[in-house]
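> my questions concern the predicted model and sequence given below.
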Amino acid sequence: MEARRLRLCIFAESSTHSPEYQALLRAGPRIRPLQQVHARFVVSGSHSSRALLTKLLTLACAAGSIGYTHRLLFSVPNPDSFLFNSLVKASSSSGFPFDTVFFYNRMLQCRISPSSYTFTSVIKACADLSTLGLGKRVHSHVLVCGYGLDPFVQAALLTFYAKSGDLGVARKLFDKMSERTVVAWNSMISGYEQNGCSREAVGMFNRMREQCVQPDSTTFVSVLSACAQLGALGLGCWVHDYIIDNELCVNVVLGTSLINMYARCGNVGKAREVFDSMNERNVIAWTTIICAYGMHGYGNQAMELFHQMKARGPHPNNVTFVAVLSACAHSGLVQEGRKAYASMGQEYGLVPGVEHHVCLVDMLGRAGLLNEAYQFIKELNQAPAPAVWTAMLGACRMHKNFDLGVEVAEHLLAVEPDNPGHYVMLSNLYALAGRMDRVETVRKMMIRRRLKKQVGFSTIEVDQKTHLFSMGDKSHLETNEIYQYLDELMSRCREAGYVPAPDSVLHELEEEEREYALRYHSEKLAIAFGLLRTSHGTVIRIVKNLRICEDCHLAIKYMSLITDREIIVRDKLRFHRFKDGHCSCLDYW
DNA sequence: CTAGGGTTAG
C-alpha cells in the first residue's frame, strides 16, 4: 500500500501535467530558461526523474547547446533507448549532424538496438554531411537490423545517396521500392535537380504524372528549380497554372521558387507579380527578387527593392548583399555599390566574404576603375582568393590593360594551373594586344596540360520541348535547313552593317573548327532554329551555359533588327534582351 | 513515465 502510493506520487510528478514538465515546455529550446528550470530541479530533487531528464536533454540539444547536452548525458546512468532516440532525432532535425553520429555511436556502444526511427534521423545526418562512407556503413547496418524495406528508411537512404552525389545508387533504390510515396518521388526529383540534372528531374516528374501520383507543393518547388535552370518557361508556366487551378497553397518556399523560375526564364514582370502577391516574404524571397532585377540589368529597381527591404522587410544577410552588389556591378551603380558594401559591417554586422570581394572588384573593374579595384584587393586583410583575381583579370581584359592583366593572369596560372579559364583569358588578352606568338604559347601550354575549354552550348524551348545546340553541332534533325537559314541571315546582317568581330576568342580551337566557328556559335544556331520554328510575334528565348561572346552579341543585335524579333539570351551571368538592334545591357556586361 | 519519421526556395 505504501509502495503503491509512492509510485503514484512519482508518476504524478513526472507526467506531462506535472509542474516540472510544464516548466520545461515553457522554457522551450532556449538555453537560459532551460538552465534555470534545471537548477530548480536540482534543488527540489526532481531531476532524478528519467522523463524530465530526457525532455531537458532533448530541448537543450535542439537549442544547440551541445556541450551542455553532452555533459548531461554523461551524468545519466544507463541511458535507455528512449533517451538516445530522442537525442538522435533532436540533433538531426536541429542541424547538428556530427552530434547525431556521436549519439548514434554511443547508443551502439551501450548495446541499444536502433529502430527505424533512429535510422531515419541518422541517415538524414549522413545526408547533411554528404558522408558517403559513413552513410554506406549505416546502410549495411539498416539491412542487418532488418529495416531495409521500411518506406521511411528507404526514402531517407534515397535522399542520402542523391545528396551525396551518387544518383545511380539513389535511382536503384528508388526503382526497387515496392511502394513509392510522393515523398520518394520528391526525393528523386530534387536529387536530380540539385545535382544539375534538370532534364532528368523533369523526366522523373513526367513519369510521376504518368503513374498518377499526385504531386504536392514540394514536388513543384523542385520542378520549378529545374525549369529555372533549363530556362523552360513553358513548363514553368504550366506548373504555375496547375498550382492556381488546383488551389495549391503558395507558401513562401513555393512563391520564391516561382519568382526564381520566372526571373531565370526571362520574365521579370511575372516574377514581380508573384512577389507582390505573396502574403509572407522572408529574406530569401526578397533576395530572390533583388537578384532577379539585377541579372536583367535593372539595377535601379533592384536598389529600390533593397531600400524597401531595409525600411520594412527582414534584415538582409550575406546572400542579399551578393545580389545587391552584383546588381550594382551590372548596372554601373558604383556609388550605390560602395555604400551598400560599407553598410554590411556598419549597419548589419555582416562580414564581407570572398563573393562580396568579387562583386566589388567586378563592379569597380567594369566601371573602368581598375586602380581602385586593384587597391581594394591589396587592402584586403586576407590573401585574395583566386576568384577575386579572376574578376580583376576580367576587368583588365575589358579595358585592355595588358600589363596589369598579364601580371594577374600569371599569378592565377601559378595558383590554379588546372583552371582552363585562366589560360583562355590570358590568351584573349594577348590576342587583343596583337601578340599572336604569345597566344600560340598559351595554347600549347593548355594542350600540354591536357586542359580543354568548357564546351559552350545553348538551348531553346519550342512547344515545351527543349532543343540543345553546341558549337559546330550538326546532330539536329533540321541541321541543313538551320545552317542554310543562318548563312542567309548573316549575310543580311552584313548588308545592314554588321562587321564580324576579330576572332580573339578562337585561339583554343583546332584548325578545322576555326573556319566554321564564328558562324556556328551555339547561340546563333539556337536563334536560327527558333526563328525558323516560331511565328513572327514570338519572343526567342535562349539559355547559354557560358558568357555570350562579343561577336555574337553584335550579330544578335542585327538579327533582332532585320527579323523584327525580340531575342532574349540568358548567359552564364545575366540576361540580354535584344530588340530593334539594341541590347538591354547597353553593352555594359 | 516521455515521441516520433523521409521531401522544398535565394
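It's in.

> correct me, but residue A:521 touches residue A:469?
No: applying Cβ atoms under 8 Å, one finds residue A:521 not in contact with residue A:469, separated by 9.2 Å. Where C-beta positions appear, they are placed from N, C-alpha and C, glycine not excepted.

> which of those two has more neighbours?
residue A:469 (27 against 24; other Cβ atoms under 10 Å).

> quick check on that one: phi, psi?
phi -130, psi 140 (degrees, to the nearest 10).

> state the distance from it to DNA strand B.
25 Å (Cβ to the nearest atom of the strand, to the nearest Å).

> surely that residue and residue A:527 touch.
No: using Cβ under 8 Å as the test, residue A:469 is too far from residue A:527 to be in contact (9.3 Å).

> joint contacts of those two?
Counting by Cβ atoms under 8 Å, 6 or more residues apart in numbering, the contacts common to residue A:469 and residue A:527 are residue A:460.

> contacts only, for residue A:116.
Contacts of residue A:116 by Cβ under 8 Å, 6+ apart are A:147, A:150, A:152-153.

> I meant residue A:23, not that one.
By Cβ under 8 Å, 6+ apart, the neighbours of residue A:23 are A:37, A:40.

> quick one: it is in a helix?
Yes: assessed with DSSP: H, G, I helix; E, B strand; the rest coil, residue A:23 lies in a helix.

> and the gap between the one residue in the stretch 1-150 of chain A that gets nearest to DNA strand B and residue A:92?
Nearest residue of the stretch 1-150 of chain A to DNA strand B: residue A:117, at 2.4 Å (Cβ to the nearest atom of the strand). Shown here: residue A:117 relative to residue A:92, a distance of 11 Å by Cβ to Cβ, to the nearest Å.

> ok, residue A:346 next?
38 Å.

> who has more neighbours out of these two?
Taking other Cβ under 10 Å, residue A:346 and residue A:92 do not tie; residue A:92 has more neighbours (26 against 10).

> tell me the phi and psi of that one?
Dihedral angles for residue A:92 - degrees, to the nearest 10 - are phi -70, psi -50.

> which residue packs closest to it, ignoring adjacent ones?
residue A:121 (3.9 Å; Cβ to Cβ, 6 or more residues apart in numbering).

> surely residue A:356 touches residue A:321?
Yes: with contact defined as Cβ under 8 Å, residue A:356 counts as touching residue A:321 (5.9 Å).

> which residues do these two both contact?
In contact with both residue A:356 and residue A:321: A:341, A:344, using Cβ under 8 Å, 6+ apart.

> at the contact with DNA strand B, which residues of the stretch 151-300 of chain A appear?
Within reach of DNA strand B by Cβ under 7 Å from any atom of the strand, the stretch 151-300 of chain A has these residues: A:151-153, A:155-156, A:159, A:163, A:181-184, A:186-187, A:190, A:194, A:216-219, A:221-222, A:225, A:228, A:252-254, A:256-257, A:260, A:282-285, A:287-288, A:291.

> just the ones of the residues you listed in helices?
If you go by DSSP state H, these have A:151-153, A:155-156, A:159, A:163, A:182-184, A:186-187, A:190, A:194, A:217-219, A:221-222, A:225, A:228, A:252-254, A:256-257, A:260, A:283-285, A:287-288, A:291 in helices.

> drop anything exposed from those.
A:152-153, A:155-156, A:159, A:163, A:183-184, A:186-187, A:190, A:194, A:218-219, A:221-222, A:225, A:228, A:254, A:256-257, A:260, A:284-285, A:287-288, A:291 (16 or more other Cβ atoms under 10 Å).

> quick check, pLDDT for the closest residue to DNA strand B within the stretch 301-450 of chain A.
DNA strand B sits closest to residue A:319 of the stretch 301-450 of chain A, with a gap of 3.6 Å, by Cβ to the nearest atom of the strand. Each residue has a pLDDT score; the one for residue A:319 is 96.

> same deal with the one 10 residues further on?
Confidence per residue is given as pLDDT, and for residue A:329 that number is 94.

> which residue packs closest to it, ignoring adjacent ones?
In space, residue A:329 is closest to residue A:363, 3.6 Å off (Cβ to Cβ, 6+ apart).

> can you verify the one you found is assigned to a helix?
Yes: assessed with three-state DSSP, residue A:363 lies in a helix.

> what about residue A:494, how many neighbours?
13.

> on the three-state scheme, it is what?
Residue A:494, by the three-state scheme (three-state DSSP), is helix.

> from residue A:264, how far out is it?
Using Cβ to Cβ, residue A:494 is found at 33 Å from residue A:264.

> can you check residue A:277 too?
Taking Cβ to Cβ, one finds residue A:277 at 19 Å from residue A:264.

> just want the most central residue of chain A.
Centre of chain A computed as the mean C-alpha position; nearest residue by Cα atoms, centre = their mean is residue A:194, 7.8 Å away.

> tell me the pLDDT of residue A:509.
So, for residue A:509, pLDDT stands at 45.

> low-confidence ranges, the stretch 51-200 of chain A, go.
Judged by pLDDT under 70, the stretch 51-200 of chain A has no weakly predicted residues.

> mind listing the strands for it?
For the stretch 51-200 of chain A, applying DSSP state E, counting those that start in this stretch gives no strands.

> and if you look at the stretch 351-500 of chain A?
Using DSSP E, counting those that start in this stretch, strands in the stretch 351-500 of chain A cover A:457-462, A:465-470.

> which of these is buried the deepest?
strand A:457-462 (a mean of 22; mean count of other Cβ atoms under 10 Å).

> quick one, that strand and strand A:465-470 angle?
160 degrees (axes from the mean of the first three to the mean of the last three Cα atoms, to 10 degrees).

> what helices or strands is strand A:457-462 leaning on?
helix A:233-245, strand A:465-470, helix A:522-533, strand A:540-544 (3 or more Cβ pairs under 8 Å, 6 or more residues apart in numbering; DSSP states H and E).

> near the residue of the stretch 301-450 of chain A closest to DNA strand B, how many other residues are there?
15.

> does it count as helix, strand or coil?
helix.

> wait, it sits on residue A:287?
Yes: Residue A:319 lies in contact with residue A:287 (Cβ under 8 Å); the separation is 5.3 Å.

> which helix or which strand is home to residue A:204?
helix A:198-210 (DSSP states H and E).

> relative to the whole chain's centre, how far out is that helix?
Mean-position distance between helix A:198-210 and its chain equals 20 Å (Cα atoms, centre = their mean, to the nearest Å).

> quick one on the thing from earlier: residues in contact with the residue nearest to the centre of chain A?
Residue A:194 neighbours (Cβ under 8 Å, 6+ apart): A:162-163.

> for residue A:95, same thing?
residue A:128.

> what does the one 10 residues further on give?
With contact set as Cβ under 8 Å, 6+ apart, residue A:105 has no partners.

> how close does it get to residue A:422?
Applying Cβ to Cβ to residue A:105 and residue A:422 gives a distance of 44 Å.

> no more questions from me, cheers.
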